[in-house]
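> I'll drop the sequence and a predicted model, then ask my questions.
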Amino acid sequence: MTLNEEANKLGKILIESRIPRSVAYTLVYTRGKEEVTSIEIEREAGLRQPEVSIAMQWLRRRGWINKRNMKKEGKGRPVHGYRLSKSFDEILDEIMQDLASHIEEIKGNIKEIEQFKSDYILKEHH
């Protein structure tokens with residue numbers, strides 16, 4: 001993997017933020033680049049071809065990346081160019097919003113567990 005230390009650190013933060021590993025490293029590699037190919041991502045982000053394909057599907061579902069068919073000489077699989085469809089800052093904002101929503105869900109679960117626990121204790125002692 002040829003990602004620098006800062007990119008690796010960001011990738012790890014994204015993974016801890018509930019972003020799949022292949023998606024995190026694809027995003028980190030794609031950030032700041034005009035257009036990339038899956039072959040570049042494989043090589044530079046240290047991912048296998050199936051991981052890049054899955055990451056691209058995930059990113060396209062979120063509306064974070066666009067795909068363009070590129071001309072290819074000769075035979076073989078077609079080559080696609082990918083570019084972020086939003087700024088990296090906008091994507092990070094969406095990730096932070098998702099995390100904030102998840103925190104609220106967790107807080108709600110904690111309250112429900114606390115309520116269940118207090119109801120259970122009351123029933124147990126009667």
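On my side now, so go ahead.
> mind checking the SS state of the residue positioned nearest the centre of the chain?
Central residue of the chain (Cα atoms, centre = their mean): I19, 3.6 Å from the mean position. The assignment at I19 comes out as coil when based on DSSP: H, G, I helix; E, B strand; the rest coil.
> let me see the contact set for the closest residue to it other than its chain neighbours.
By the measure of Cβ to Cβ, 6 or more residues apart in numbering, the closest residue to I19 outside its immediate chain neighbours is I95, 6.7 Å from it. For glycine as for every other residue, the C-beta is placed from the backbone atoms N, C-alpha and C. By Cβ atoms under 8 Å, 6 or more residues apart in numbering, the contact set of I95 is L14, S17, I19.
> separation between I95 and K9?
Distance from I95 to K9, counting by Cβ to Cβ, to the nearest Å: 15 Å.
> where does the protein have low pLDDT?
Counting by pLDDT under 70, the chain shows low-confidence ranges at 1-2, 125-126.
> try 80
Within the chain, the segments meeting pLDDT under 80 span 1-3, 71-78, 120-126.
> mind listing the helices for it?
5-16, 21-30, 38-45, 49-62, 88-124 (DSSP state H).
> can you give me the buried ones in the second one?
Put plainly, it is helix 21-30. S22, V23, A24, Y25, T26, L27, V28, Y29, T30 (16 or more other Cβ atoms under 10 Å).
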